[in-house]
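Participant: quick check, what structure comes out for this input:
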Amino acid sequence: MNRFSLFFVYSERWLVYPPSFILNCQYGNRMKYISTRGKTKPVDFLDAVMEGLAPDGGLLLPETLPQIGSRLESWKNLSYQELAFEVMSLFVSDIPAGDLKALIDKSYSAFRVPDVTPVIPVGEFHILELWHGPTLAFKDVALQFLGNLFEYVLEKRGGVLNILGATSGDTGSAAIYGVRGKKNIRIFIMHPKGRTSPVQEKQMTSVLDDNVFNLAVEGTFDDCQHLMKTIFSDVAFKAEHSLGSVNSVNWARVLAQIVYYFHAFFRVQETTGAEQVQFSVPTGNFGDIMAGYLAAKMGLPVKKLILATNENNILSRFFKTGVYSIGEVVPTISPSMDIQVASNFERYLYYRVGQDPAKLRKLMSGFAKLKSLTVTGEDKLFAAGEANTVQTLKTIRKVYTQESYILDPHTAVGVAVAERFQSSEAPIICTRSSMI
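Facilitator: Prediction:
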């Protein structure tokens, strides 16, 4: 089929499709996904979603990162769902636009507010509330979409999917609520026994749908994650048992989170006129802040990404020293961040070493043996800090006293660290992880 005939097929619905989708169809361009380790052939979006972890043990990323350019201005007045459609269309070339729009609309109809992820001024900061989904946690933003996406693929291709996941708390309950009761999907979630919040444990273990299985593991989240990655590294076993992943190793998780960085920028720009913003992001697995990093690389005007950790500070130490070295996991009041090995960090390292898979493989091989790696140089986009339990509680008390606004412990870590990087040049948006 030539270019003219493709134009004829789509011309009657031209206004329904974003320009990126039309161009992909007209010229045969398809967004492909590659492994950070470079030993997996490029795959389409839906294959990347179903793979989760690449067969070579790497993480999947788009072969090229779209640049938004002049689109930024045209996106600023869109609804959340419309914005999600525009952003995701840049990365998805194997789902018809009408189907993608329906998936997005269905996913975000489960949220309590029309704006999906509203931005609330609280004192000197802007709080990006990501908790308005079914489980009151930011993971719902991605996992409602991913659950519907899995169901869509299985309806189109047939077969079954056995989802295996590891959680430090919020991922598990959000993943379960994303796929509970769905046909041809079973979900097995491992959590560290006694190391999630009581509410998150109850959210997971009280779901009695026949397709939901909870597994309490004696150990830490890192132990759960190691079990999951070891199983996924057995390619034959993974294929035989139709295993899929909902952890943030799954590219669709990161893609869905990119959207709310753009959305928050537009909301703050609307009220302040700011041309640049900063984001303070509490993180343990590097998934949420990875989405912000990719949004910035696409052209979102981000002055700084402020990475905030609790006592488990492997990530903040890296951005201060260049050394990524495993320590002991310290139990805290922000348990979703009680992590040493961040499952998304390899994606960042891939860009940090110049998108060179050979260099990345060498780094990760050394890390597997020595439990430490070093990267020279500096990434000026990032600032980093940590807040311990005393500082976290002090921040919760102060914000409630001064603003009558209750922070959860994870968000309080982000706010406490953000206070050290205030600047008149760019307002700070603090991501609010959960309601609980």
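
Participant: quick one: low-confidence ranges for the stretch 251-400 of the chain?
Facilitator: For the stretch 251-400 of the chain, no stretch has pLDDT under 70.

Participant: where along it do the strands fall?
Facilitator: Secondary structure of the stretch 251-400 of the chain, counting by DSSP state E, counting those that start in this stretch: strands at 277-282, 302-309, 323-325, 372-374, 382-386.

Participant: got a list of contacts for the last one?
Facilitator: What that stands for is strand 382-386. Contacts with strand 382-386, where a contact means Cβ atoms under 8 Å, 6 or more residues apart in numbering, come from 304-311, 313, 315-316, 318-320, 413, 417, 420-421. In this view, the C-beta of every residue, glycine as well, is placed from N, C-alpha and C.

Participant: switch to 6 Å and redo it
Facilitator: Applying Cβ atoms under 6 Å, 6 or more residues apart in numbering, the contact partners of strand 382-386 are 304-307, 309, 313, 316, 319-320, 417, 420-421.

Participant: determine which two of the residues you listed are furthest apart.
Facilitator: Distance extremes for the contacts of strand 382-386: the farthest pair is Lys304 and Asn313 at 18.3 Å, using Cβ to Cβ.

Participant: for the chain, longest helix please?
Facilitator: Ranked by number of residues, the top helix in the chain under DSSP state H is helix 251-272.

Participant: so what's the residue lying closest to Ala174 once chain neighbours are set aside up against?
Facilitator: Beyond its immediate neighbours in the sequence, the residue positioned closest to Ala174 (Cβ to Cβ, 6 or more residues apart in numbering) is Lys139, lying 3.5 Å away. Counting by Cβ under 6 Å, 6+ apart, Lys139 makes contact with 170-171, 174.

Participant: and those residues, which are buried?
Facilitator: When the contacts of Lys139 are checked for burial by 16 or more other Cβ atoms under 10 Å, the buried set is 170-171, 174.

Participant: out of those residues, the closest to Arg432 would be?
Facilitator: Once Cβ to Cβ is applied, the member of those that ends up nearest Arg432 is Asp170, at 12.2 Å.

Participant: need the contact list for the closest one.
Facilitator: Counting by Cβ under 6 Å, 6+ apart, Asp170 has contacts 137, 139, 336.

Participant: can you check Ile187 too?
Facilitator: 163, 179, 212.

Participant: hang on, the second one packs against Gly147?
Facilitator: Yes: using Cβ atoms under 6 Å, Val179 makes contact with Gly147 at a distance of 4.4 Å.

Participant: can you give me the buried ones in whichever helix or strand Phe150 is part of?
Facilitator: Here Phe150 is covered by helix 139-157, with elements defined by DSSP states H and E. Neighbour-count burial for helix 139-157 flags 139-154 (criterion: 16+ other Cβ under 10 Å).
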